[in-house]
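# Below: sequence and its predicted model.
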Amino acid sequence: MIAEVATDNGLPWGEIIIAFFGLVGILATAYFGYLAKRNEQVRLNHVENEVELHRFALSFDDFFREWQSIENDLKSLLEETCIDRFLVLRAFNGQEKPKWTNAIFQMRSDPKYFVDYKFVELDQDYIERLGTIVNSNKLKFTVDQIPESLTKSIYVAEDIKHSAWFHIASYDTQEGTRMITYCSFATIGDDPIDKQTEIKCQLIANRFKRIADSLMPHEHA
């Protein structure tokens, strides 16, 4: 019998086997405990993801309510102040130096002057202006005081005299592309954008920023 066979050092094989299986049992218990704990963590992560998904879905309700209010404020801004044109734009393809920009939304005091800006290739002046609003949140300027550039040529073509840009959000994708979303308030009149109007523009931009912050991935910068 196994219990009667001894090892070279005199220990019965039976005791060694029993001890071995005891150790296996301890290790198995620990291992399955680890698996259970890991599975529980996976389950909790799944639940958290489900909650986040529902929160994201519900946020669209908030978005539509917020957007209706923003749209009304934009209409009032165009009707009651010197602002004649509002654009939301997104520059992309590049890290510190985006290459193109698109107008993804626009509202004008006179809709017949709609211009569809798609894949507008940026020059150095435009890239530097984007860098300014990313770092400082806003940039206000008079068109005839800026150097010859893409910005100036576009504004002259549209008879725009003054403009204010505000940063909304920046996001780096996993593919290494940076997207910068920003908005532009502009006027075709000679009157500059005064402080009171600038504050109204800033408040609207802040509301776009809040929406973007609630909807964009957590990695945005």
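Ah, there it is.

# So residue 191: helix, strand or coil?
Look at residue 191: counting by DSSP: H, G, I helix; E, B strand; the rest coil, its state is coil.

# which phi and psi does it have?
The phi/psi pair for residue 191 (degrees, to the nearest 10) reads phi -70, psi 130.

# Helix, strand or coil: sort out the residue nearest to it when sequence neighbours are not counted for me.
In this structure, residue 191 finds its nearest non-sequential neighbour in residue 82, 4.9 Å apart by C-beta to C-beta, 6 or more residues apart in numbering. Heads up, the C-betas are built off the backbone N, CA and C, glycines and all. Assigned with three-state DSSP, residue 82 falls in the coil class.

# and residue 82, what is it in contact with?
162, 187, 189, 191, 192, 193, 194, 197 (C-beta atoms under 8 Å, 6 or more residues apart in numbering).

# now residue 117
87, 89, 101, 102, 103.

# remind me which residues of this protein are low pLDDT?
The chain contains residues with pLDDT under 70 at 1-64, 94-96, 174-176, 214-221.

# Now with 80, please.
Along the chain, segments meeting pLDDT under 80 span 1-67, 93-97, 111-113, 172-178, 212-221.

# which residues of it fall in helices?
Along the chain, the segments classed as helices by DSSP state H run 13-80, 124-136, 150-157, 195-215.

# Let me know the closest of the contacts of residue 82 to residue 138.
The nearest member of those to residue 138, counting by C-beta to C-beta, is residue 193 at 11.0 Å.

# contacting residues for that closest one?
Residues near residue 193 by C-beta under 8 Å, 6+ apart: 82, 83, 140, 162, 163, 164, 185, 187, 201.

# Quick check: nearest residue in space to the last one, chain neighbours excluded?
This means residue 201. Distances taken as C-beta to C-beta, 6+ apart place residue 185 nearest to residue 201, at 4.5 Å, with adjacent residues excluded.

# thinking again about what came up before, and the residue nearest to residue 191, its phi and psi?
Backbone torsions of residue 82, given as degrees, to the nearest 10, read phi -80, psi -10.

# Quick one: residues contacting the residue nearest to residue 201.
77, 83, 85, 86, 163, 164, 165, 166, 193, 201.

# distance of the second one from residue 200?
What it means is residue 83. From residue 83 across to residue 200, the span is 8 Å (C-beta to C-beta, to the nearest Å).

# what does residue 117 give?
24 Å.

# Over to residue 115?
Residue 115 is 24 Å from residue 200, where distance means C-beta to C-beta.

# Out of those two, name the residue with the larger neighbour count.
Between residue 115 and residue 200, residue 200 has the larger neighbour count (other C-beta atoms under 10 Å), namely 19 against 12.

# got a list of what that one touches?
With C-beta under 8 Å, 6+ apart, residue 200 has these contacts: 73, 77, 81.

# Phi first, then psi, for the last one.
In terms of degrees, to the nearest 10, the main-chain angles of residue 81 are phi -120, psi -180.

# ok, the nearest residue to it once chain neighbours are set aside - contacts?
Distances taken as C-beta to C-beta, 6+ apart place residue 197 nearest to residue 81, at 4.6 Å, with adjacent residues excluded. Residue 197 makes contacts with 77, 81, 82, 83, as judged by C-beta under 8 Å, 6+ apart.

# switch to 7 Å and redo it
By C-beta atoms under 7 Å, 6 or more residues apart in numbering, the residues touching residue 197 are 81, 82, 83.
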